[in-house]
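Colleague: Could you look at this predicted model? Sequence included:
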Amino acid sequence: MKTLIKNVKIVNEGQILERDILIENDLISKINPQIEEEADQVIDGSGKYLLPGVIDDQVHFREPGLTHKGDIESESRAAVAGGVTSFIDQPNTVPNAVTQELLADKYEIASRKAYANYGFMMGGTNDNLEEVLKTNPRNVPGIKLFLGSSTGNMLVDNPETLENIFSNTKMLIAVHCEDEATIKANTQHYIDQYGDDIPVKFHHLIRSEEACYKSSSKAIELAKKTGARLHVFHLSTAKETELFRNDIPLKDKKITAEVCVHHLTFTNEDYETKGALIKWNPAVKTQKDKDGLWAALLDDRIDVIATDHAPHTWEEKQNVYTKCPSGAPLVQHSLVVMLENYKNGKISLEKIVEKMSHNPAILFRIEKRGYIREGYKADLVLVDLNENWTVAKENILSKCGWSPLEGSNFHSKVTHTFVNGNLAYDNGKVKEEKFGERLLFEVKE
């Protein structure tokens, strides 16, 4: 199967160049100023931009066990519609993916159901070190540790266990950093005042700057002591950004950071209008924090932009504070949110591609993805930067059927998404055929 995309502006490796690109089967076979070759399909890319498919390094697709909220099929469809061609799913499903057998079960489900390419993190607990150490770094992206309890309660709080995991695995360790004792004390303080119905505007004071900084600084200290590869998920405070460096290339960093789209978009002021729809762990914090995250993203202390896509049902989100789960669906809209920031002059297209495609590939050592290069997998997204549309119930593909971005107007649109050389999404329609493959990772001695 050959596909030829003509006259398109390719955004890749810090440059924007007008090129033709030929896809043969699952690979990019040629990139030239002009390609005159017979092809099964020809797409005119005039006036559009071609980006490497987005790699979202942190999603919760809810399967197995929580499929009333979302599942691998529904959420990967939403991903492909948003230009996300690869995802890394977290282990806090039911049962938690904390044995090799349970992890293998998730891969088996995805092999049948995933529209996008997939990787699943192995989960660490206080007592599964032996299982963690059996994980194959060739076909699993890393180990996930919750250092603060979140959805699914996989809290790892035993210092000896943590040191053992950090000391004994060569794999990347990704962490959710919030200090449990701080959060518990803060929660109790507000329960004493309000009972269970705490106003959500206090969420960022309960899951506070102190809770985040205390936990992430401790994790970084441990990584430095043990030499572990540490990736800190979803930074939410300006203060935490001071813990990371930008004076060496990403490939040489052993300690890295991610920011999520919502922490770049919302502030605590938005709780008034959005309420629990923007209740995340860690919490959306202040304008000062948002500004600090943007600064660190642009100066490369933060390496990756992701979503922490975490759907819950509308009904679950209406519960009182203490019973309302944290998280929201974002995988369908992460790229357009960042393109809107480009339109507003906050970030360049090249930087968006670096943080959403190139860097996740470097960080997780993903084989042959994340770039537009000859011989690489043809995971590609074509965008029109001059098309206006609005997020509405009828165009949301996540199973939960809502989004914190409902009613938002965007001025860029994903028109085509290719997964492994196959046109998976075409102008508003996801093809019924599933083209996702298991991600593979380069193992360095």
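Modeller: Sure thing, it's come through.

Colleague: Any idea how many residues pack against Glu209?
Modeller: 21 (other C-beta atoms under 10 Å). The way it works is simple: take the backbone N, C-alpha and C, and place the C-beta from them, glycine included.

Colleague: What residue, apart from its backbone neighbours, is nearest it spatially?
Modeller: Taking C-beta to C-beta, 6 or more residues apart in numbering, and ignoring the residues beside it in sequence, Glu209 has Thr237 as its nearest neighbour in space, at 4.6 Å.

Colleague: Lys285 is in contact with that neighbour, correct?
Modeller: Yes - between Thr237 and Lys285 a contact is recorded at 6.0 Å, counting by C-beta atoms under 8 Å.

Colleague: For Leu66, which three-state class applies?
Modeller: Using DSSP: H, G, I helix; E, B strand; the rest coil, the structure places Leu66 in coil.

Colleague: residues contacting it?
Modeller: Neighbour list for Leu66: 93-94 [criterion: C-beta atoms under 8 Å, 6 or more residues apart in numbering].

Colleague: Glu24 now?
Modeller: Glu24 neighbours (C-beta under 8 Å, 6+ apart): 1-2, 421.

Colleague: for Met20, which residues make a bridge with it?
Modeller: No, residue 20 isn't Met; it's Asp. Asn32 (DSSP bridges).

Colleague: Use 12 as the first number from now on
Modeller: Got it, first residue is 12 now, which makes that one Asp31.

Colleague: Could you check how far it is from Gly381?
Modeller: 21 Å (C-beta to C-beta, to the nearest Å).

Colleague: Compare these two (neighbour count), which wins?
Modeller: Each of Asp31 and Gly381 has its neighbours counted (other C-beta under 10 Å); Gly381 has more, 28 against 20.

Colleague: Can you tell me the SS state at the more buried one?
Modeller: Here Gly381 is recorded as coil under three-state DSSP.

Colleague: what's the closest non-adjacent residue to it?
Modeller: Of all residues not flanking Gly381 in the chain, Ala372 sits nearest, at 2.6 Å (C-beta to C-beta, 6+ apart).

Colleague: my read: Leu341 touches Thr318, true?
Modeller: Yes - Leu341 is within contact range of Thr318, at 4.1 Å (criterion: C-beta under 8 Å).

Colleague: residues shared between the contacts of these two?
Modeller: By C-beta under 8 Å, 6+ apart, the residues touching both Leu341 and Thr318 are 271-273.

Colleague: if you look at those residues, which of them are in helices?
Modeller: Per DSSP state H, helices hold the following members of the shared contacts of Leu341 and Thr318: 272-273.

Colleague: what's the neighbour count on the residue nearest to Gly381?
Modeller: 23.

Colleague: before we move on, what about Arg149?
Modeller: Neighbourhood size, Arg149 [other C-beta under 10 Å]: 11.

Colleague: And the one 4 residues further on, by the same measure?
Modeller: For Gly153, the neighbour count with other C-beta under 10 Å is 24.

Colleague: Can you name the residues that contact the nearest residue to it once chain neighbours are set aside?
Modeller: Closest residue to Gly153 apart from its sequence neighbours, by C-beta to C-beta, 6+ apart: Leu183 at 3.7 Å. Residues near Leu183 by C-beta under 8 Å, 6+ apart: 152-154, 240-242, 374-375.

Colleague: Recalculate using a threshold of 10 Å.
Modeller: Residues near Leu183 by C-beta atoms under 10 Å, 6 or more residues apart in numbering: 68, 132, 148, 151-155, 239-242, 265, 267, 374-376, 452.

Colleague: Pull the helix of greatest length in the chain out as PDB, backbone CA atoms only.
Modeller: Counting residues, the longest helix found in the chain (DSSP H) is helix 220-237. Output in PDB follows, covering the C-alpha atoms of helix 220-237 (Å, rounded to 0.1, in the frame of the first residue of the first chain):
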ATOM      1  CA  GLU A 220       2.300  23.000  46.700                       C
ATOM      2  CA  GLU A 221       4.000  21.600  49.800                       C
ATOM      3  CA  ALA A 222       2.500  18.100  49.200                       C
ATOM      4  CA  CYS A 223       3.900  18.000  45.700                       C
ATOM      5  CA  TYR A 224       7.300  19.600  46.400                       C
ATOM      6  CA  LYS A 225       8.000  17.400  49.400                       C
ATOM      7  CA  SER A 226       7.300  14.200  47.500                       C
ATOM      8  CA  SER A 227       9.000  15.100  44.200                       C
ATOM      9  CA  SER A 228      12.200  16.400  45.900                       C
ATOM     10  CA  LYS A 229      12.400  13.200  48.000                       C
ATOM     11  CA  ALA A 230      12.000  11.100  44.800                       C
ATOM     12  CA  ILE A 231      14.700  13.100  43.100                       C
ATOM     13  CA  GLU A 232      17.000  12.700  46.100                       C
ATOM     14  CA  LEU A 233      16.500   8.900  45.900                       C
ATOM     15  CA  ALA A 234      17.200   8.800  42.200                       C
ATOM     16  CA  LYS A 235      20.400  10.700  42.600                       C
ATOM     17  CA  LYS A 236      21.500   8.500  45.500                       C
ATOM     18  CA  THR A 237      20.700   5.200  43.500                       C
END
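
Colleague: can you pull the buried residues of that helix?
Modeller: By neighbour count with 16 or more other C-beta atoms under 10 Å, helix 220-237 contains the buried residues 220-231, 233-234, 237.
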